[in-house]
Each structure stands twice: as structure tokens, then as C-alpha cells.
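*Asks:* With the input below, show me the fold.
(2 chains)
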Amino acid sequence: MSDTAAVSPSAPNLIQRIRRDYSPLVIVMVSLFLTVLLAGAVFTDDFLTWFNVKTIIRDAALVGIMAIGLTFVTLSGNFFLLSMKEIAALSIICFATLMGAEWNQWGPADGDPATSALVATFLIAFLVTMVIASIAGAVQGALIGLGGNPIVVTLGAAGLFFGIGSWWSDNLVVSYRRPHGAEWLGTGSFIGDIPNITVAFILIAIVAELVLRYTTFGRQVYLVGANRAAGRATGHENFGMAIKCCIIASVCAAFVAVAFSGQVSSAHVNYFSSEFGSSGDMTIMVIAIVMVGGNSIMGGYGSTLRTSLGAIFISTVDNMMVLNGFNSGARVLAVGLMIVFSIIVFALVRRGSRAVE
Amino acid sequence: MERLKHWVTENPDLSFAILLAVSVYSFFAITEPLFFTHRTGFAIMERFAVLGLVGLALTLCIIAGEIDLSIGSNAALAAVITVRFTDSLGAVNALLIALAISTTIGIIQGYFIAYLRIRAIVLTVGTLMLLRGVALFAAEEKTVMLTDFRIPDFITTKMFVYLSPASILVVIMFVLVGLFMTYTRYGREIYAIGGARKEALASGISLQRPMIIVFAISGFCAGLGGVIIGLRSGTAQALGLQHLLLAGTVAAFIGGVSILGGKGGVIGAAIGTLTVNFLNTGLVFNVTPAFMVQMYLGVLLLVVIMFQTGSRVFEDSQRRSQLLQDVDRRRRILADKIAQVRRSPG
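*Replies:* Predicted coordinates for the structure are as follows:
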């Protein structure tokens, strides 16, 4: 036996490593997929232009920010929140109501208000929205941390938040007048022609990745997600972790709500249910991004970088299909196929690399 | 009386569900004069036809320790297929095709869950989106409609005061599934893989068969629910029916399933669904908007979950303190014995 070790002392190169670690089925599937993507990129007109690249990233930004927030929950082993779009709906109603509130107008009643007045209005509305979203997240996190099943808890919480949002707005569209301070975030741009929301997406992605990699909190998230018993033994209960992660996810959802409201200067509880994107349901889209990015749904494995790339990937495929004239049915189907595909591939990879339970 | 007391202590969850159902019903029966009538009873049974199926499907899944999130999409797909093909193929053929497709989807899901050994939530959240895409594709992104309204009329014919062909079918389904779960080996296997999966696998039960059965029944129920909704209203939307998941989950949890699996039953599912229907119908009498009904359901689910989780945490802490006491006691006895040995000469 010792000669074989002596005969091949060199370390395996990349191709050998891939062939050793993954089953042929996985390799064939992934390479087929990449080929189709590459062919699509080359043969689609107007796909490889600077304008289109900007469009792709801007499309990915809103769902991407939400997905980055959700990644924390997933990494900490609490599956996912089924209430993402309802938190966003509650936040958007809260934000728009405060932006339009009489007491929150700091400029003169007629004529264009000064910039400082607009900023004051925006900041007050923004901060109150964030506080309310954090409370919503903390309530869910506490219930999850006490041992409630995340899926069922957030399913119930989704109904609750949606009800509160509809009741608050009387199920009407809440609008506020232009100009307002949120326009800067929603549609403005301060670096050349790159929209601010894209800049925000990139910044949030970088910050989240740094937090996960280099801070104690980030490592605790991985620990609790990978091995809950070990976490408890070292004093990191899931209770506090679930609350923190749910607050992060809720704040990200609220940020997206604020940015989206800034684009349309109004709010309605159904903005994230029916009229948003091609999928018709933002929660599932966000979960799709987390999964397609390749994070382990059971927790402890993955990163927000993967999530951001997943968002850009889904947005790329969507964009390509739009350019080729596909309807929304085919696009939703494609995203669904991507999720199922990634689930199966990652399950096969895991089966190959680790002993089954 | 003695036997009743015995039964209540034997089945605390079921008796709680019955108590809740009776109190919700009597609350509305007392406050609303029209609630306690045959017509309202018929309306409740009509709602039961759809929600009961979803509640039954989710109950089975949760008994097996899993949850099927794709149930709304599956129902929407079945509804779209039935309504779209009724005109060209006839209602019965369209219905059978839709049911076959839904059941096949369920079987495939169950097979993959068992084969890949992943949690059902992971896969079904993917198929939730996939099936929605398929439904959009089948409906060509439009709301499909029936042109012949004799079928909706037939389905909602009143029979035996409370029932219609649709609800009779659903009641038969409940009886069949109940018998299957209680009296066959396959039914008991489902309880086994839910309550104690590792032990069940170690004792030689294959994961595949019960999983496939559970998800086949779940797919069939979702499909049947979608078919009934589609044919009854004469229209179907690919993006509709997503609210079924929340209502079905509430029904299942009121019916006494535990999120840990292995607990609950078909009777509980029926009672849970009836409770949700009483609440829904009663709130309609109060002119409650739909989103408020959803909010009440959400609150109800949170309360039930809190109750269940609280009792579990309480039991755990009880067991833990009992264990610590035992350990202390034994340690004391041991210390006493050691002291005795030391004291004794030699």
C-alpha cells in the first residue's frame, strides 16, 4: 500500500479534485447549465452592453438586499421566514403614512420645501419604520427561539402583519407628494449613472460578508447554525441568535420597502404580493435567491456573497428571457426549475461528501 | 360519565379541539341570529369541502414530520387544468387528468424527499414556485373561465339539507383516509416515521414508501380541492389559492397535530377545519374584510403554536429538574454509603 502513496506524491489538480469530490451526474448537470447560460449570453442581442449590465444589477438590488437579510436567518439554522413580504408591506405602509403625515412636514406649507426639511421628514419616517420592523422581527425571533417551528410561526406572523398593514391603510393606496427625501434613495444616483439602490446593494453585500467573516457575531451565527448542541454547550443559545437574525432580516426588508416606496411615491400592502417582478410573490423569490446561491438550508454553510451572486444570477437569467420575448409563465417556471435544480444538486453533493445521518 | 372522563384524559388534544369548536360555534350562534340555521350549515359544509381537503393533506404531512408548502400551487394548477380543458374534453375527463397530474406531482415530491433525504420544506418551497410557473404556462397568464355553467350548478346542488356532491366526496375521502391511517400497516408507518424517525428506520421501515404515500395523498387532496374550487366558481387563476396554506395549517394545528410529528389524526383534522370554517363564516356575518380574517387566522395560529411550544418547554424543564433531583438523590445515597463504609472498622 505504501508504494501507491510513493508513486503519486503530487497533489491532485483542480480537475482531479472536482472528479473526486462530485458525482458525474452533478458535473454533467452543472456544465450543461453553464453551457446554456453562456450560449444565451452570446446569442442574445443587446445582452452584453453596459446599459444591460446596469439593469441586471439594479433589478437584483431590491430582492438581493432582502435575500442578504434572510441569509442570516438561514445560516443560523432557522430555515427561512415566510413573512418577508408581509414585513415589507407593513413597513411600506408605515413609511408612506409617516411621509404624508401632517405633523411630519417641516417646510413651509406652500411652495417647494427646503432640502433640510425634506431630509428631516425622511429621516423621521425612516427611523420609525426601522423600529417597527425590528419589533416585528424580534417578536418572530423570540417565538422561534423559544422552540417554535420557524415555518409555522412566520406563516402565522405573515397573516398578522399583513392584517395590521391593511387595517392601518384601510386597504387603500397611501401616497405622498413630490419632491420628497426618499427619491434620492429610490431613483437618484450620485456616482455617475449608477443608481443609488445599486450602490446600496453592493455596500450591504460587502458589509454583510465582512460581518459574517470577521466578527464574533458572524462566527456565532455559523456555530449555532452548524451545530446547535455545540452552540448551547458553549453558551450561545439559539434564543438570542434567532432574535438578532430575524431583526437583521426584518430591517433589510424594511429598507427595501423604503427604497421601493421612494420609487413610486406611494404604498399599498399588495405592492410586494402581486405587482412586484415577474414571480408574483416576493417571499418565494427571496427564498429562491438564498437557495440558488447555494446556501445550506439546514444552516451553518454558505455566505451572503453566495446570496448576492444568486440574486445577480437569477436576475441575469430573467433578463435574458425578457430579451428573448418570454412571458411571465416561462420566467417563473425557469426560476422554479433553478431552485429545484440547486436543491437536488446540493443534496447530491452533500450525499457524496458526508455520511448520511 | 366515567368513560367520558377517561376518554378526555386519554385524548387531551382532541377534547381541546372539540371544546374550541363548540365554543366558537356557540359564540356565533348566540350573537348572530342567522348563524344557527340550515342555510348557514350548508354554507359551512361547502367551505369544508375545500378547506377540509387542505387541512387533511397538511395533517398527514405534519404527522409524518414534514410540511408541504406547495399545496396552494398544486391546487391552483389542478384548478387551471380542469377549467381550461372542461370545454374541450368534458368535465369528467378534465377532472381526472388534473387529479392524475396532482397525484403524480405528489409522488415525485415524496420520492425525491426520501431519496435525497432532505427536509420537505426545502423541496416544496422550490416546487411551490415551479408549479406556479407551470400553472401560469397552462393558463397562458390569463384567468381561465368556463363557458358551460351546468357543472357549477350540479356541484353545488343541495342534498340531505347540508351536503352537496362536492362535500359528500370530501366526507368519503375523510372516511377512507381515516380508515387507512388507523387500520393499515402503511398508515401506522406514517405515524412511525413522524414520531420517531430514527427508531423507525432502525427497525426496518423504509423511508420511501410512507413518504411517497403521504405526498401522494397530499397531492391528491390539493388537486381535488383545486378541482372543486375551479369547477364551483367556473374560473381559475394561476396565482390564486395561496391563502389555503395558512388556513389549512391553522386547521391542522387546532386538530391537535404536533410539529414534531407522530401525533394527531383525521378526526382532529375534520374538527380543526370545522372550527376554522365556523370562524370564517361567523366573521363574514360581521362584515369583516378578507384581510382581517387572515389576521385572525394568523393570530390563532400563533396562539396555538405558543401554547404547544410553551407546554413542550415546560415539560422539558420539568423532566430536567426531575432528572437533576434524581441525580442529587443518588449522589446523596452514594455519599452516605461511602461514609458508612469509611466509618465501619476494617
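*Asks:* Would you pull up how far the helix or strand hosting residue B:186 lies from the middle of the chain?
*Replies:* Assigned by DSSP states H and E, residue B:186 belongs to helix B:185-195. Centre-to-centre, helix B:185-195 and its host chain are 16 Å apart (C-alpha atoms, centre = their mean, to the nearest Å).
*Asks:* Now it: average pLDDT?
*Replies:* Averaging pLDDT along helix B:185-195 gives 88.
*Asks:* That helix - contacts with which helices or strands?
*Replies:* Counting contacts by 3 or more C-beta pairs under 8 Å, 6 or more residues apart in numbering or on different chains; DSSP states H and E, helix B:185-195 packs against helix B:38-63, helix B:165-183, helix B:197-202, helix B:208-233. For the C-beta atoms, the positions are set from N, CA and C on the backbone; glycine is no exception.
*Asks:* what does the stretch 51-200 of chain B put close to chain A?
*Replies:* Within reach of chain A by C-beta under 8 Å from any C-beta of the partner chain, the stretch 51-200 of chain B has these residues: B:67, B:69, B:112, B:116-119, B:121-123, B:125-134, B:136-137, B:139-141.
*Asks:* Buried among those residues? Need that as a selection in PyMOL.
*Replies:* With 16 or more other C-beta atoms under 10 Å in any protein chain shown as the criterion, this PyMOL line picks the buried residues out of those:
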select buried, chain B and resi 67+69+112+116+118+119+121+122+123+125+126+127+128+129+130+131+132+133+134+136+137+139
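*Asks:* tell me the SS of residue A:82?
*Replies:* Reduced to three states with DSSP: H, G, I helix; E, B strand; the rest coil, the structure at residue A:82 is coil.
*Asks:* With adjacent residues omitted, what lies nearest to it?
*Replies:* residue A:154 (4.4 Å; C-beta to C-beta, 6 or more residues apart in numbering or on different chains).
*Asks:* Ok, residue A:133 next?
*Replies:* Nearest one to residue A:133, counting by C-beta to C-beta, 6+ apart, is residue A:254 at 3.5 Å.
*Asks:* What separation do you get for the most centrally placed residue in chain A and residue A:290?
*Replies:* In chain A, the residue lying closest to the centroid (C-alpha atoms, centre = their mean) is residue A:67, at 1.1 Å. Distance of residue A:67 to residue A:290, given as C-beta to C-beta, to the nearest Å: 5 Å.
*Asks:* Could you do residue A:240 as well?
*Replies:* 22 Å.
*Asks:* Between these two, tell me which one has more neighbours.
*Replies:* residue A:290 (28 against 14; other C-beta atoms under 10 Å in any protein chain shown).
*Asks:* for the top helix by length along chain A, what is the average pLDDT?
*Replies:* Within chain A, and with DSSP state H defining each element, the longest helix by residue count is helix A:115-145. Helix A:115-145 shows a mean pLDDT of 91.
*Asks:* repeat for stretch A:246-255
*Replies:* 95.
*Asks:* before we move on, what about stretch B:63-71?
*Replies:* For stretch B:63-71, the per-residue pLDDT averages 90.
*Asks:* Same check on stretch A:292-309?
*Replies:* 86.
*Asks:* what does stretch B:215-224 give?
*Replies:* Rounded mean pLDDT across stretch B:215-224 is 94.
*Asks:* Next, see if that stretch gets close to chain A.
*Replies:* No. Stretch B:215-224 stays clear of chain A (C-beta under 8 Å from any C-beta), getting no nearer than 14.6 Å.
*Asks:* Output the below-cut-off pLDDT ranges for the stretch 1-150 of chain A.
*Replies:* A:1-11, A:21-26, A:29, A:108-112 (pLDDT under 70).
*Asks:* who in it is up against chain B?
*Replies:* A:79-80, A:143, A:146-149.
*Asks:* so which pair among the residues you listed is furthest apart in space?
*Replies:* For these, the farthest-apart pair by C-beta to C-beta is A:80 and A:146; their separation is 18.2 Å.
*Asks:* tell me the phi and psi of residue A:175?
*Replies:* phi -120, psi 160 (degrees, to the nearest 10).
*Asks:* Throw the helices and strands packed on helix B:185-195 into TSV and include mean neighbour count, thanks.
*Replies:* Formatted as TSV, those follow (neighbours: other C-beta atoms under 10 Å in any protein chain shown):
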stretch	mean neighbour count
helix B:38-63	24
helix B:165-183	17
helix B:197-202	14
helix B:208-233	26
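*Asks:* from memory residue A:142 sits against residue A:245, does it?
*Replies:* No. Checked against C-beta atoms under 8 Å, the pair residue A:142 and residue A:245 is beyond contact range at 11.9 Å.
*Asks:* Just want to know which of the two has more residues nearby.
*Replies:* residue A:245 (30 against 16).
*Asks:* on that earlier part again, what's the angle between the helix or strand the residue nearest to residue A:133 falls within and helix A:115-145?
*Replies:* Using DSSP H and E, residue A:254 maps to helix A:238-264. Calculated by axes from the mean of the first three to the mean of the last three C-alpha atoms, to 10 degrees, helix A:238-264 forms an angle of 150 degrees with helix A:115-145.
*Asks:* Tell me the helices and strands packed up against helix A:238-264.
*Replies:* Checking 3+ C-beta pairs under 8 Å, 6+ apart, helix A:238-264 ends up next to helix A:50-75, helix A:84-100, helix A:115-145, helix A:183-186, helix A:196-214, helix A:216-226, helix A:228-233.
*Asks:* Relative to residue A:70, how far out is the nearest residue to residue A:293 once chain neighbours are set aside?
*Replies:* Setting aside the residues directly before and after it, residue A:293 is nearest to residue A:310 in space (C-beta to C-beta, 6+ apart), at 2.7 Å. Counting by C-beta to C-beta, the separation of residue A:310 from residue A:70 is 11 Å.
*Asks:* Over to residue B:60?
*Replies:* 29 Å.
*Asks:* so where's chain B uncertain?
*Replies:* Those would be B:346, if you go by pLDDT under 70 across chain B.
*Asks:* Strands of that one, residue ranges please.
*Replies:* Taking DSSP state E, the strands of chain B run over residues B:144-145, B:235-236.
*Asks:* Switch these over to CSV; also include distance to residue B:345.
*Replies:* Listed next are the strands of chain B as CSV, based on distance: least, C-beta to C-beta, whole Å:
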stretch, distance to residue B:345
strand B:144-145, 97
strand B:235-236, 92
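*Asks:* which one of those strands lies closest to residue B:82?
*Replies:* It is, among the strands of chain B and with distance given as C-beta to C-beta, strand B:235-236, at 7.3 Å.
*Asks:* Which elements pack onto that closest one?
*Replies:* Looks like strand B:235-236 contacts helix B:71-89, strand B:144-145, helix B:208-233 (3+ C-beta pairs under 8 Å, 6+ apart).
*Asks:* Between those, which one is closest to residue A:345.
*Replies:* The nearest among these, by C-beta to C-beta, is helix B:208-233 at 20.6 Å.
*Asks:* that older thread, can you tell me what sits against the helix holding residue B:186?
*Replies:* For helix B:185-195, the surrounding residues in contact (C-beta atoms under 8 Å, 6 or more residues apart in numbering or on different chains) are B:60, B:62-66, B:180-181, B:199-201, B:203, B:205, B:207, B:209-211, B:213-214, B:260-263.
*Asks:* Quick one: work out the angle between it and helix B:208-233.
*Replies:* Using the same axes, to 10 degrees: helix B:185-195 against helix B:208-233 is 100 degrees.
*Asks:* May I have helix B:185-195 as PDB, with CA atoms only?
*Replies:* Taking Å, rounded to 0.1, in the frame of the first residue of the first chain, the C-alpha atoms of helix B:185-195 are listed here in PDB:
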ATOM      1  CA  ARG B 185     -49.800  -1.100   8.300                       C
ATOM      2  CA  TYR B 186     -48.900   1.700   5.800                       C
ATOM      3  CA  GLY B 187     -50.900   4.200   7.900                       C
ATOM      4  CA  ARG B 188     -49.000   3.200  11.100                       C
ATOM      5  CA  GLU B 189     -45.700   3.500   9.200                       C
ATOM      6  CA  ILE B 190     -46.500   7.100   8.600                       C
ATOM      7  CA  TYR B 191     -47.000   7.700  12.300                       C
ATOM      8  CA  ALA B 192     -43.800   5.900  13.000                       C
ATOM      9  CA  ILE B 193     -41.600   8.000  10.600                       C
ATOM     10  CA  GLY B 194     -43.100  11.100  12.000                       C
ATOM     11  CA  GLY B 195     -42.900  10.400  15.700                       C
END
